[in-house]
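# whatever this is, show me its structure:
(chains A and B)
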Amino acid sequence: MAEAGPETVLVRKTVLSHGAGLWRFIPALVAAAATLWFAQFIGPVSHGDIPEYVASWVPQLGISFAFRLDGLALAFALLICGIGAMVFLYASAYFRSDRRLLSLQLSLMAFAVSMVGLTTADDAITLFIFWEGTTVTSFLLIGFDHEKEKSRRAAIQALIITGAGGLALFAGLLVMGSLVGSFRLSEMNLAGDVIRASPLYPVIFTLVILGCFTKSAQWPFHFWLPGAMAAPTPVSAYLHSATMVKAGVFLMARFTPALSGTDLWTWTLVPVGAFTMILASVWAMRQTDLKLMLAFTTVMGLSMMTMLLGIGGPYAVAAAMTFLLVHAFYKAGLFLSVGMIEKGSGSRDYTEISGLARAMPHTATVVMLAALSMAGMIPFFGFIGKELIYESTAHAHFAPQAVTAAAILANALMFACSGMVAIRPFFFRPRACPKDKPADPGWALWLGPTILAALGLLCGLFPSAVEHVLVAPMVQAVAGEGLPGHLALWHGPGLPLYLSLATFALGFVLYLLLDAIHTGLAAAEPKLPRTESWYDGFMRGLGKVARRTSVLVQNGNMTSYLRRTFLALAAVIWIALLAGTASWPGFRLSVEAIDWAIFTIITASIVVVLRTASRLTGITALGGIGSGIAIIFVIYGATDVAMTQLFVEILVVIFMAIAMVRLPRTGGVPFVPLNAVVAGILGVAVSVTLLMVLGTGLDLSLTEFFEENSAPVALGHNIVNVILVDFRGLDTMGETAVIAIAAIAAYAVLMAGRKRARGGE
Amino acid sequence: MLLFWPIVIPLLTAVLTLLAWRSTEMQRGISLMGALALLLAALAIFSQVVETGPVSAQAGGWPAPFGITLVADLLSAIMVLLTAIVAVTVVIFSFSDVTVEEEHFGFHPLTHSLLTGICGAFLTGDIFNMYVWFEVMLIASFGLLVIGGGKTQFDGTVKYVGLNLIATVAFIAGVGLLYGTAGALNMADLHGKLAGRSGEAVVLASAAFLLFAFGSKAALFPVYFWLPASYHTPAFSTSALFSALLTKVGVYAMLRVFTLVYDIDGTVFVPILIVLAVLTMFFGAMGALSQNSLRRVLGYSIIASIGFMVLGLAIGTPLALAGAAFYLFQDVLVKTGLFLGAGVTARLTGSELFARSGGVWRARAGFSILFLIPALSLAGVPPFAGFWAKLLLVQAALDTNAWFLTFAALATGFLLLYAMGRVWAAVFWSAHPGGESAITAPLGATSLLPVAVIAILVTYLGLSAGTFVDLALRVGAELTDPSAYVQTVLGGAP
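Modelled structure (predicted):
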């Protein structure tokens, strides 16, 4: 009976999470409500009526808890909450029987809050706090399957890369804040001319862009994103495609008024964006795991936006913002759909599954819709995005031909990837997949992806609606001027259309060559340089340096510790002596005979202590030094002190002798020249310091006070005693306590020793 | 009179717990009562200082600078308050941590003796009296280190006592030189008597002795070896108490002496402190990355944190001193939380070694969050307290165009983040080698309550940063311009 208890509890818990666990829909409902709440601002914002919320936080440093819901912020808030609602719903079904669902939901909610805060913040420090919030929640979510070494590694990798970028961003924001005199982003953006003209501009730009590139996975930091696919599907769909990775792009857009328009901006963002774009889309072709393939196309999408923001101007900004929405819809939809494929068939590797369309018609439709938007087909939203991209690359100030060519190649590769995810798993002859009977999953799994895929089609069919609601306010917020022209499916024949047709043709050829390309890339992979190996090398090096330095410093050898300690003391004293102005005393040449005697006693004792091989002789000689000092006290009339000194010396010698006799005999202490040098340097330093103290006049005001007040006020004739028990009685109380505490400690040592002796048998 | 209570209460508690040594129950009751009374006294002092500015009291009624003065400015009042908070949490935690034998050998009397020394050091306005409190601390900490009686404890204790004795001798030598040079021991008096003399070799040399003494106490490079050798050996309660407060007393003494007694601005001590701070941060962070055992990692992280605080002192602007003070305040709480948390994880997993622990996140998610909060604060991750400390310091470095120091501070933060990530992955995430059933130890309120209180405080300090940054800035201003302090002690016109 005793063992039945926990089991019953376990069963009840499982039942709860399976059946009546309606609580698992709460996050989705909350996110949906938040979406509706943000939706009420669409009207005002599109008319330029921008809501703000400012609360004082750290007024001394000019930091406020400030939010500003302009077009860019609103669009992001809607995306984060809207896609969030779908992902939370999806997750509640995906992990229905998993006991980690609650912690997953909580982490996802925490992430969503950070992300909304990041995108709506109007204070650089507020923004940064939420930025780091996304880093930490992302770390926790990537490591969701934390008992796997691979997940932990990926989580740490993401933490290192985005954490380092975050620190760069932090410094950049602080420099920018000092320069502008305000941490409010809206004021920084108004001061764009000041920032660009400042000699600090390159520093600010570099630091901020490092933050953006690491977060948005631009070369050479891109590798953490495919690694982050160790996270479960809902997490990848939400963080690593739709929202968090766009934070870097968001920040570049946010700071476009403040930082863009310089050669440095264009020459950094366009080449890095273009290069990452090609690199990522080529490596997408190498993957057979559909989720990994999507991860690389996400990197490609982010680089496309980076490149467009680098080109700058209202056209390119409009293209970037439109593509951002296009990408959010189809990519989140596809990620979730790949999860559906995996749930339904047991695999997400296109070499293991095919012909699923008959068994999973719903999934096939959703994937098809989303993939068509990704391929940029008419009449999908993706087509509009692609037309705008070509429009802006063709008019770029910066190498328009090269940039356009890069965009065509990347888009064609996207086209081929769309074929990979939409055709390979669903058509051709069905074959045995890991699950016996593949089938469409339940409503909670398909609802979200279906809406997202449908949005890709609806936005394509009704472009003016999305223009008014989202794109135009976004462009207004980023470029500072209205959208040039209008979003439309059909602009008539022109350069963009021809380029689109060329993209389709090239993409079709690439798709036909998919297997050959895949094989070729797989063969070339081991020979190519990878930036991830730089990371690995850096981490290995860091570990090695860490171990070497600590072994070097912390070698466990007490003698070497002591030598270092005395050397450090000598070093600071010498530095101080040499840095200051010296004060030498006037030497009195006539030295009394008694002084010589004391000097001789002390010196002789020291020599004996140093040279003797016998412990007892050494201890006795130590007593000689003390006696010499006591005589000095006598000469200067401090008989009390001299007596105390003598008593102490005698007791020390006796106690040490008793203790030493019981210790095992060892040979004499070897002479180590280095130690002698250290001792010499320190000894001379102390002597010189003492001499110099004699060279300064002694202020006797304390002594005079004690002399005057000892007898009449403190009623004591022995001044030393009065000082000890009255003037400075607190010191004496402390020292008395020291003796009592020492007794307790000694008791503890003795008892512990006795216990050990017993236990050691 | 108020200022005497933080010294009298723990001393009295130490005596009473000693008298009650036969009954563990009574010892515990007295110990907790004493810690709570200390908290009340500290709160009273704090609220008075916040309202009226620095307050002072003359021991024995002798006027300053002839007797011994106790002074509480904002820095002292906050440190005493933090000491009391740590005392309460550590005493509660010790109920489920310290063995009956350790209690029998004097855990409670020694703990309260240590608290006496710490509070005395924070409150005294007299540099020789500070030396006395340092001695009280040293002997009490020595006792606490050895009461466990293990071989590693003795080895650690030898190294701890070895260096600290040298530091103590350097301290008294420095005080002697200072008296010979200026004829004063009262620090406010010294402030006036040393004004304009910071170019003299004797003045600088006495400062060098004191820098060495305080630097050794604070575990500054290159004299920190005693800390990694000893802090992982005693009971977790003792580790937490040491980590939270002992090194901080060294930092406090530096902040006090190198702003009030010496005017180091423009002297050779600025470059010395900068070099030492950067090297301390570097070696501390590297040490934390090199270890594979929880308390050893945390021990090195103390060293890195000390580097941050000394960096603030070295930069020396009011903002930088505020940063150093804020770092000091939050680090007291953070280190308490981490070391007590380490005690809980060790009890859960049965080991402090990374290789032999794990699975805490899965088994005890709530507690894991309580550990995560101070860990993130240590790494300077917002919105926790450590972030604001880092912000103040980095801003201060940037304001003085000290780009390298900015980089050093951020890089150390980064390395600490990685170090905490390693801890998290190894102790909390990875599966326990003994399987899921290996973690069964129940966690009582006496273990969880202290950790929870610290986590809440660290979060609260971060969220209400406005209030606490304001306090830190006031501390920075008081340190930069000690006229109110001096006037409280010596009287005279403002």
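
# going by C-alpha atoms from here, please, whenever you check contacts or count neighbours.
OK.

# hmm, which helix or strand of chain A has the shakiest average pLDDT?
The element with the least model confidence among the helices and strands of chain A, by mean pLDDT, DSSP states H and E, is helix A:4-18, at a mean of 41.

# right, and the helix or strand after it?
Using DSSP states H and E, the helix or strand that directly follows helix A:4-18 along the chain is helix A:26-39.

# so what's residue 25 up against?
Just going to use chain A. For A:F25, the set of contacting residues under the criterion of C-alpha atoms under 8 Å, 6 or more residues apart in numbering or on different chains consists of A:F88, A:L89, A:S92.

# now it: how far from A:F88?
Summarising the geometry, the distance separating A:F25 from A:F88, computed by C-alpha to C-alpha, to the nearest Å, is 8 Å.

# same thing with A:L452?
Shown here: A:L452 relative to A:F88, a distance of 14 Å by C-alpha to C-alpha.

# these two - which one has more neighbours?
Just comparing A:L452 and A:F88: by other C-alpha atoms under 10 Å in any protein chain shown the higher neighbour count belongs to A:F88, 31 against 25.

# before we move on, the earlier item: can you put the contacts of A:F25 in TSV and add distance to A:G211, secondary structure and pLDDT?
Formatted as TSV, the entries for the contacts of A:F25 read as follows, by distance: C-alpha to C-alpha, whole Å; DSSP: H, G, I helix; E, B strand; the rest coil; pLDDT from 0 to 100:
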residue	distance to A:G211	secondary structure	pLDDT
A:F88	28	helix	93
A:L89	31	helix	93
A:S92	33	helix	90
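
# just curious, which of the residues you listed is nearest to chain B?
Distance to chain B, by C-alpha to the nearest C-alpha, is smallest for A:S92 among these, at 19.4 Å.

# tell me, how many residues neighbour whatever residue of the stretch 201-350 of chain B ends up closest to chain A?
Across the stretch 201-350 of chain B, the shortest distance to chain A (C-alpha to the nearest C-alpha) belongs to B:A201, at 3.9 Å. The burial metric for B:A201, expressed as a neighbour count using other C-alpha under 10 Å, is 24.

# wait, what's in contact with it?
Contacts were defined as C-alpha under 8 Å, 6+ apart; by that measure B:A201 touches A:A576, A:L577, A:L578, A:A579, A:G580, A:T581, A:A582, A:S583, A:M692.

# buried set for stretch B:260-277?
Counting neighbours by 16 or more other C-alpha atoms under 10 Å in any protein chain shown, one finds that the buried residues in stretch B:260-277 are B:260-264, B:267-270, B:273-277.

# and that stretch, end to end?
OK, stretch B:260-277 end separation, C-alpha to C-alpha: 20 Å.

# hmm, who's touching that stretch?
Taking contacts as C-alpha under 8 Å, 6+ apart, the residues outside stretch B:260-277 that touch it are A:575-576, A:579, B:187-188, B:190-191, B:194-195, B:198-199, B:207, B:220-222, B:258, B:306-311, B:313-316, B:479, B:482.

# helices and strands around the helix or strand encompassing A:T363, which ones?
Assigned by DSSP H and E, A:T363 belongs to helix A:361-375. Packing contacts for helix A:361-375, counted by 3 or more C-alpha pairs under 8 Å, 6 or more residues apart in numbering or on different chains; DSSP states H and E, involve helix A:313-345, helix A:381-394, helix A:400-422, helix A:443-461.

# residue 110: how many residues sit nearby?
All of this refers to chain A. Taking other C-alpha under 10 Å as the neighbour definition, A:A110 ends up with a count of 16.

# actually chain B
Each residue near B:L110 was counted by other C-alpha under 10 Å, and the total is 30.

# mind listing what it touches?
Contacts of B:L110 were listed using C-alpha under 8 Å, 6+ apart, and they are A:I741, A:I744, A:A745, B:A14, B:A140, B:S141, B:G143, B:L144.

# how about B:V50?
If you count contacts by C-alpha under 8 Å, 6+ apart, B:V50 has them with B:L74.

# from chain A, how far out is it?
For B:V50, the distance to chain A under the criterion C-alpha to the nearest C-alpha, to the nearest Å works out to 17 Å.

# state the distance from that residue to B:D73.
Using C-alpha to C-alpha, B:V50 is found at 9 Å from B:D73.

# equivalent analysis for A:S56, please.
Using C-alpha to C-alpha, one gets 27 Å for the distance from A:S56 to B:D73.

# who has more neighbours out of those two?
B:D73 (26 against 12).

# need the strands for the stretch 101-250 of chain B, in chain order.
Remark: strands of the stretch 101-250 of chain B are absent; assignment by DSSP state E, counting those that start in this stretch.

# and B:L70, that's in a strand?
Yes. Judged by DSSP: H, G, I helix; E, B strand; the rest coil, B:L70 forms part of a strand.

# tell me who's in contact with it.
With contact taken as C-alpha under 8 Å, 6+ apart, B:L70 is in contact with B:L3, B:F4, B:S56, B:A57, B:Q58, B:A59, B:L123, B:T124, B:G125, B:D126.

# out of those, flag the one nearest to chain A.
Nearest to chain A among these is B:A59, at 6.9 Å by C-alpha to the nearest C-alpha.

# so that closest one bridges to which residues?
Taking DSSP bridges as the rule, B:A59 bridges to B:I68.

# how many residues are close by A:R662?
Other residues within reach of A:R662, judged by other C-alpha under 10 Å, total 8.

# now swap in A:V634 and tell me
14.

# off-centre distance for stretch B:192-203?
In terms of C-alpha atoms, centre = their mean, to the nearest Å, the gap separating the centre of stretch B:192-203 from the centre of its chain is 29 Å.

# and that stretch, end to end?
The distance separating the two terminal residues of stretch B:192-203, taken as C-alpha to C-alpha, comes to 13 Å.

# what does stretch A:352-364 give?
Distance across stretch A:352-364, first residue to last, is 16 Å (C-alpha to C-alpha).

# still on that earlier bit, what's the angle from the helix holding A:T363 to helix A:400-422?
Computed by axes from the mean of the first three to the mean of the last three C-alpha atoms, to 10 degrees, the angle separating helix A:361-375 from helix A:400-422 equals 170 degrees.

# now the residue of the stretch 351-494 of chain B found nearest chain A: which helix or strand?
Closest approach between the stretch 351-494 of chain B and chain A, counting by C-alpha to the nearest C-alpha: B:G466, at 4.0 Å. Secondary structure here is read from DSSP H and E; on that basis B:G466 sits in helix B:465-480.

# circling back to that earlier point, who wins on neighbours among the contacts of B:A201?
Within the contacts of B:A201, A:A576 tops the neighbour count with 27 neighbours, counted by other C-alpha under 10 Å.

# that one: what secondary structure?
When classified by three-state DSSP, A:A576 comes out as helix.

# check what pLDDT it gets.
On pLDDT, A:A576 comes in at 95.

# surely it meets B:L204?
Yes. In this structure A:A576 lies within contact range of B:L204 using C-alpha atoms under 8 Å: 5.1 Å.

# picking that back up, and the residue of the stretch 351-494 of chain B closest to chain A, what's its pLDDT?
For B:G466, the predicted pLDDT is 92.

# just A:I619 next, same as before
84.
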